[in-house]
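Q: what follows is a protein structure lacking sequence information:
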């Protein structure tokens, strides 16, 4: 159910001693009536053997028990057939490395295996690396089954952070119930002080969750610092869904100073939310409530659009298919309340500018009629939107906004020849959009931003993401697609697309008053996608402004996947600087960027595997992030090491540099694994595997 690094010995069948006997010392000769499979899996040898099938059997003198790769050596082994127990005493050694001179083994005064309880206990034991004692274990529980977790001490945790120094922790695992567990890790940072981590999990048939916290008495920060979280997910067939997430930090520097979780490192705001979906008699009810906490000292609460918090929001949707005359209807109703951390902004003269907050009620009804044939499609749609704003300290606002659209296209297909593997299509498309102009400058931007300008946005009925702005439009999109489809499966192998919008009327509704330019046409956008048997994937997007004769935005990504879990990803992206009013809302940054990156993961040979990555910013002429991970694995042990170096002053949303000095932080992780026993260090699989999409250590 859960995977943890507790000690594990897959040797429960050693207790089948009563069915396998040895007549000669130092020889693995099965006697009696065991099956051939049992004789091959279990081997016993000793200088002297006393067999009592119904009582206690004793092996003495150079005793060796072996099942698969697991070996136990001792001076004396007693097997109680009635109680299914094995007790080894005197110079006891255990290893799961099946070579003549194992690189590691456990020595103990006593080892007890209980087949009925699937557990083992070692007393006064040492873990040896080679012949050198490495770790003393006065008493330790072993699990004889991967499905039977036991409470106890886990391997140590070790890493390095340039902001906190060396982190060392000693986790204790508690198996509370078959579906519940908890790990408590006392830890110490060499530059910060001592603290503790707690991580608990639970799992039921239709729900699961996780909660925990990290606490540190930070001597450098001179205060107590913490991070806590709670996650819960519940599913009720296809009827009900509930997601809950709560996360908080003690201060805005915590993540930068102490977090080792990559997901946290890339967040400027910690989002806590409750979201629920209910499907009932054709209706879809959605409930949302969220709050934000600033988790990055560089992030600004007052930077527009303001960081509003939703408390709460309710949305109901109903789709009516096959209505009169073949029409389809979609009805949606929303109610939401938006609040803000602050009430107002105060300038140097003491004047207050109140941040708008309040309630928003929105209703929409969409009607469409569709006609489709293999060679042609046509869709006509009309939507009526009505929104009511009940604002605090401001007058109420009402807005009624209709939207009309026509979408049509042809599909030309070249009939493949007898030996052709692909079908070739040519698909010209037209999309007309008409939205009457409504004054919206006095409406606050609660949750609305500009849509990213890509090929899909050419066919969007609103150029804004959200309902606080519904863009006026009288425009025509002209686009052309060409595709290569696998003849046998119909799967897309190659797609080339190009298109642009022609504005028949000047656009007036904007997010930013600074950009209010009459543009007769949008930038030209092209996309090229390639997928060759999931081995080679390529996607490139290009945005070109014919008025300025300039590429506004260019992104490309190439992914190569080879045998043996080899993968290489190459990517490049650039965006032009903003010049005054000449960029549309979709390019709402005053600063361009040019960045390129590569990450790869591949086995170097039978023993060595490497993960590496680099993201370079050409404006700064320096790297934004770098990581390198290597692992050596043999039949008996493995060791892994990773280094990550990332630039702190980066906008986590866009990846652009923030003005200021280049301030880097470094994380170093270490992992040591004894195959068949356990591991110590941090989890390189999760740390580095997430850096390379689809890649995991083998």
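A: Arrived safely. What you are looking at is a predicted structure, and each value in this text was computed from that prediction instead of being measured.

Q: so what strands line up beside whatever helix or strand residue 572 lives in?
A: Secondary structure from DSSP states H and E places residue 572 in strand 567-575. Strand 567-575 has its sheet partners listed here by DSSP bridges as strand 550-561 (antiparallel), strand 593-603 (antiparallel).

Q: format those as JSON lines; extra columns: mean pLDDT.
A: Rendered in JSON lines, the data for those read as follows (pLDDT from 0 to 100):
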{"stretch": "strand 550-561", "mean pLDDT": "91"}
{"stretch": "strand 593-603", "mean pLDDT": "89"}
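
Q: can you say which of those strands is nearest to residue 160?
A: Distance to residue 160, taken as Cβ to Cβ, is lowest for strand 593-603 among those, at 21.7 Å. From N, CA and C alone the C-beta is placed, and that goes for glycine too.

Q: give the buried residues for the closest one.
A: The neighbour-count criterion (16 or more other Cβ atoms under 10 Å) identifies 593, 595, 597, 599, 600, 601, 602, 603 as the buried residues of strand 593-603.

Q: before we move on, what about stretch 570-580?
A: Neighbour-count burial for stretch 570-580 flags 571, 572, 573, 574, 575, 576, 578 (criterion: 16+ other Cβ under 10 Å).

Q: where do the helices of the chain begin and end?
A: When assigned using DSSP state H, the helices of the chain occupy the ranges 36-41, 254-258, 262-265, 684-689.

Q: beta-bridge partners for residue 224, please?
A: In this structure, residue 224 bridges to residue 217 when assessed by DSSP bridges.

Q: just the one 10 residues further on next, same as before
A: Applying DSSP bridges to residue 234 yields these beta-bridge partners: residue 207, residue 242.

Q: report the mean per-residue pLDDT for stretch 626-643.
A: What stretch 626-643 shows for mean pLDDT is 85.

Q: low-confidence ranges in the stretch 401-550 of the chain?
A: Along the stretch 401-550 of the chain, the parts satisfying pLDDT under 70 run over 512-518.

Q: all strands of it, in order?
A: Taking DSSP state E, counting those that start in this stretch as the criterion, the stretch 401-550 of the chain carries its strands at 412-414, 422-435, 449-450, 464-465, 473-486, 492-503, 524-532, 536-545, 550-561.

Q: the fourth one - contacts with which helices or strands?
A: Applying 3 or more Cβ pairs under 8 Å, 6 or more residues apart in numbering; DSSP states H and E, we find strand 464-465 packed against strand 449-450.

Q: for the strand it packs on, packing partners?
A: Based on contacts counted as 3+ Cβ pairs under 8 Å, 6+ apart, the elements that strand 449-450 packs against are strand 464-465.

Q: give me the contact list for the strand it packs on.
A: The set of residues that contact strand 464-465 without belonging to it, under Cβ atoms under 8 Å, 6 or more residues apart in numbering, is 448, 449, 450, 451, 470, 471, 511, 585.

Q: for ChimeraX, what selects the buried ones among those?
A: Typed into ChimeraX, the line below selects the buried ones among these, using 16+ other Cβ under 10 Å:
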select :448,450,451,470,471,511,585
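
Q: and the pLDDT at residue 254?
A: pLDDT, the model's per-residue confidence, is 86 for residue 254.

Q: that one touches residue 227, doesn't it?
A: Yes. Under the contact definition of Cβ atoms under 8 Å, residue 254 touches residue 227, with a separation of 5.9 Å.

Q: thinking again about what came up before, got the buried residues of stretch 570-580 as a markdown table, with pLDDT columns?
A: Formatted as a markdown table, the entries for these read as follows, by pLDDT from 0 to 100:
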| residue | pLDDT |
| --- | --- |
| 571 | 91 |
| 572 | 94 |
| 573 | 91 |
| 574 | 90 |
| 575 | 86 |
| 576 | 81 |
| 578 | 52 |
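
Q: give me the neighbour count for residue 338.
A: Residues within reach of residue 338, counting by other Cβ atoms under 10 Å, total 21.

Q: one more: residue 547?
A: 11.

Q: now it: phi and psi?
A: phi -70, psi -40 (degrees, to the nearest 10).

Q: low-scoring stretches of this structure, by residue?
A: Within the chain, the stretches falling below the threshold (pLDDT under 70) are 1-42, 53-54, 68, 142-150, 259-266, 298-306, 512-518, 578-591, 648-662, 675-698.

Q: hmm, back to that, can you list the strands paired with strand 567-575 in CSV and add distance to residue 544?
A: Formatted as CSV, the strands paired with strand 567-575 follow (distance: least, Cβ to Cβ, whole Å):
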stretch, distance to residue 544
strand 550-561, 5
strand 593-603, 16
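
Q: which of the ones you listed sits closest to residue 103?
A: Of all the strands paired with strand 567-575, strand 593-603 sits nearest to residue 103, with 21.3 Å by Cβ to Cβ.

Q: follow-up on the earlier one: tell me the one of the buried residues of strand 593-603 nearest residue 670?
A: The closest of those to residue 670 turns out to be residue 601 (Cβ to Cβ; 18.8 Å).

Q: among the buried residues of stretch 570-580, which two are most distant?
A: Farthest pair in the buried residues of stretch 570-580 (Cβ to Cβ) is 571 and 578. Separation: 23.0 Å.

Q: so residue 484 makes contact with residue 490?
A: No. Counting by Cβ under 8 Å, no contact exists between residue 484 and residue 490, whose distance comes to 11.2 Å.

Q: look at those two and report which has more neighbours.
A: Neighbours per residue (other Cβ under 10 Å) separate residue 484 from residue 490, with residue 484 holding more: 17 against 8.

Q: so how far is residue 542 from the residue nearest to the more buried one when sequence neighbours are not counted?
A: Once flanking residues are discounted, residue 484 sits nearest to residue 494: 4.0 Å by Cβ to Cβ, 6 or more residues apart in numbering. Distance of residue 494 to residue 542, computed by Cβ to Cβ, to the nearest Å: 16 Å.

Q: what sits against the residue nearest to residue 484?
A: Residues counted as contacts of residue 494 (Cβ under 8 Å, 6+ apart) are 483, 484, 529, 530, 531.

Q: out of the strands paired with strand 567-575, flag the one nearest residue 220.
A: For the strands paired with strand 567-575, the distance to residue 220 is smallest for strand 593-603, at 33.0 Å, taking Cβ to Cβ.

Q: roughly how far is the closest one from the heart of the chain?
A: Its chain's C-alpha centre and that of strand 593-603 lie 18 Å apart, by Cα atoms, centre = their mean, to the nearest Å.

Q: repeat for stretch 373-387
A: Using Cα atoms, centre = their mean, the offset of stretch 373-387 from its chain centre is 36 Å.

Q: pull out the buried residues from it.
A: Residues of stretch 373-387 classed as buried by neighbour count (16+ other Cβ under 10 Å): 377, 379, 380, 381, 383, 385, 387.

Q: now stretch 176-185
A: Of all the residues in stretch 176-185, those buried under the rule 16+ other Cβ under 10 Å are 181, 182, 183, 184, 185.

Q: now do the same contact list for the last one.
A: For residue 185, the set of contacting residues under the criterion of Cβ under 8 Å, 6+ apart consists of 157, 169, 170, 171, 172, 196, 197, 198, 199.

Q: of the residues you listed, just the buried ones, ChimeraX syntax please.
A: Isolation of the buried members of the contacts of residue 185 (16+ other Cβ under 10 Å) is achieved in ChimeraX through the command below:
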select :157,169,171,197,199
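
Q: mind listing what residue 526 touches?
A: Residues near residue 526 by Cβ under 8 Å, 6+ apart: 455, 496, 497, 498, 499, 541, 542, 544.

Q: mind doing that once more with 7 Å?
A: Shown in contact with residue 526 (Cβ atoms under 7 Å, 6 or more residues apart in numbering): 497, 498, 542.

Q: beta-bridge partners for the last one, please?
A: If I follow you right, that is residue 542. Applying DSSP bridges, one finds that residue 542 bridges with residue 526, residue 554.
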